[in-house]
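Q: sequence and predicted structure, then a few things I'm wondering about:
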Amino acid sequence: MEAVWQSVIAGAPVLLLHVAIALAILIIGTVLYVWMTPWEDLKLVREGNTAAGIALGGIILGLGIPVAACIPGAINHWDILFWGVITLILQMATFKVLDLILSGLPERIEAGEIGAAVVLSAAKLAVAAIVAAAVSV
């Protein structure tokens, strides 16, 4: 049992550092995404706009899934940070591509169009799943 405690004590700092970095990426990435989108995500969600809530939930999961997937194979904390930044860039690109395909995506989200929000979130989650699979190899 003593060996278990020694292992926990030795690994705890790394665990806490990895969790802190992952959460920071999630929070900072979400804030940056909200800042970059042409609509006011939090305001719309507070006003009861379900489409904005779905879109915001999509980015939170879209960032969290790949970052979580890279932690087990991370060589160090820079790995987690690197893949977090790459994930944010890919999520922004996903938004831009869908805005071209669906034309007027920001206006559709602001108008509360659920269909557009679901497609946007599904695309974010699909990209997240692909990135998660790629970084976990």
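A: Perfect, I can see it now.

Q: could you find the closest non-adjacent residue to L90?
A: V127 (5.6 Å; Cβ to Cβ, 6 or more residues apart in numbering). For glycine as for every other residue, the C-beta is placed from the backbone atoms N, C-alpha and C.

Q: tell me the pLDDT at that neighbour?
A: V127 is assigned a pLDDT of 94 by the prediction.

Q: wait, isn't it in contact with L88?
A: No: between V127 and L88 there is no contact under Cβ atoms under 8 Å: 11.2 Å.

Q: buried ones in stretch 45-62?
A: Buried residues in stretch 45-62, counted by 16 or more other Cβ atoms under 10 Å: 45, 49, 51-56, 58-62.

Q: about what we covered before: what's the neighbour count on the residue nearest to L90?
A: 21 (other Cβ atoms under 10 Å).

Q: remind me, longest helix of the chain?
A: Taking DSSP state H as the criterion, the chain has its longest helix at helix 2-36.

Q: quick one: list the elements packing against that helix.
A: helix 50-70, helix 77-102 (3 or more Cβ pairs under 8 Å, 6 or more residues apart in numbering; DSSP states H and E).

Q: tell me how far it lies from the chain's centre.
A: 15 Å (Cα atoms, centre = their mean, to the nearest Å).

Q: circling back: tell me the most buried of the helices and strands packed on helix 2-36?
A: With neighbours taken as mean count of other Cβ atoms under 10 Å, the helices and strands packed on helix 2-36 reach their highest mean count in helix 50-70, at a mean of 22.

Q: which helices and strands does it pack with?
A: Using 3+ Cβ pairs under 8 Å, 6+ apart: helix 50-70 touches helix 2-36, helix 41-46, helix 77-102, helix 105-110, helix 114-135.
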